[in-house]
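Trainee: One predicted model, sequence on top.
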Amino acid sequence: MRNNNIFAVMANGNEIQLTFGRTDRDPILIPGTDQVVFVRGEVVRTGFGSYTRNKIMMLDAATLKERIVTEEKPYPDGLEGTYEIIHIITPTLSPDNRHLYFITEKYATSNQLVKVHLQTGDWTEMFSAESFELINTGRFRGYYLISRSEVGDQGRDLVYRIVDRNNRTIQRFDSMESAIQFILNQR
């Protein structure tokens, strides 16, 4: 990445520029292919200022041909009432390389984890989350470490959990640090 453009280093050591619009971020090379999935931002100017809407893009690094995977949510969010994708947080490739996971806006008070199929652009709404990590090793491989905004005895706070793909809580933690330590101890 340089100046919000995507570059690649070829086997011969030469560097080539793959995108040119200065609006791209979070490139992920899909293992075993020439395909790169990435986020493209587009600044929209209004009478009240400006904002950035996002698209999930796919690029063939061999041909430089791009295609849009998705540029809208299949639902309006509870905050702005828009179908536009305003936030794409922590884009992560699925273990089977067929989906992109990320956090995006959904509710007035919280976000949600979604996965988008890279070939069809179909969305799967997973569950409410403010942050996540896909666990790739050990006993909890394939589970998610998430933070979620919840109302408890002390008011609204973030809670940390390991959950499965059905949002079933496996373990709850007081902090992200204690969750990470727990996972490291399970290896």
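Mentor: Ah, there it is. Residues are numbered from 1 along each chain as shown.

Trainee: From Arg45, how far off is Thr52?
Mentor: From Thr52 across to Arg45, the span is 11 Å (Cβ to Cβ, to the nearest Å). (Glycine included, C-beta is placed from N, CA and C.)

Trainee: One more: Arg141?
Mentor: As judged by Cβ to Cβ, Arg141 and Arg45 stand 45 Å apart.

Trainee: For Gly32, which non-adjacent residue is closest in space?
Mentor: The shortest distance from Gly32 to any residue other than its chain neighbours is 7.8 Å, reached at Asn97 (Cβ to Cβ, 6 or more residues apart in numbering).

Trainee: Surely that neighbour and Pro31 touch.
Mentor: Yes: with the criterion set as Cβ atoms under 8 Å, Asn97 and Pro31 qualify as a contacting pair; they are 6.2 Å apart.

Trainee: Show me which of the two is the more surrounded one.
Mentor: Set side by side, Asn97 and Pro31 give different neighbour counts by other Cβ atoms under 10 Å, the larger being at Asn97 (15 against 8).

Trainee: related to what we said a few turns ago, please identify which of Thr52 and Arg45 sits among more neighbours.
Mentor: Here Thr52 and Arg45 are set side by side on neighbour count (other Cβ under 10 Å), and the busier one is Thr52, at 14 against 8.

Trainee: ok, now which ones touch the more buried one?
Mentor: Applying Cβ atoms under 8 Å, 6 or more residues apart in numbering to Thr52 gives the contacts 41-44, 86.

Trainee: Now list the buried members of those.
Mentor: For the contacts of Thr52, a burial check counting by 16 or more other Cβ atoms under 10 Å picks out 41, 86.

Trainee: Out of the contacts of Thr52, which sit inside helices?
Mentor: Secondary structure from DSSP state H places none of those in helices.

Trainee: farthest-separated two in the contacts of Thr52?
Mentor: Checked with Cβ to Cβ, the contacts of Thr52 reach their widest spread between Val43 and Ile86, with 12.1 Å between them.

Trainee: any chance of the contacts of Thr52 in JSON lines, plus pLDDT and distance to Glu150?
Mentor: Output for these, formatted as JSON lines (pLDDT from 0 to 100; distance: Cβ to Cβ, whole Å):
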{"residue": "Gly41", "pLDDT": "96", "distance to Glu150": "30"}
{"residue": "Glu42", "pLDDT": "94", "distance to Glu150": "33"}
{"residue": "Val43", "pLDDT": "92", "distance to Glu150": "34"}
{"residue": "Val44", "pLDDT": "92", "distance to Glu150": "33"}
{"residue": "Ile86", "pLDDT": "93", "distance to Glu150": "23"}
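
Trainee: ranges for the helices of this structure?
Mentor: Listed in chain order, the helices found in the chain under DSSP H are 176-185.

Trainee: pLDDT below threshold where in it?
Mentor: Along the chain, the parts satisfying pLDDT under 70 run over 187.
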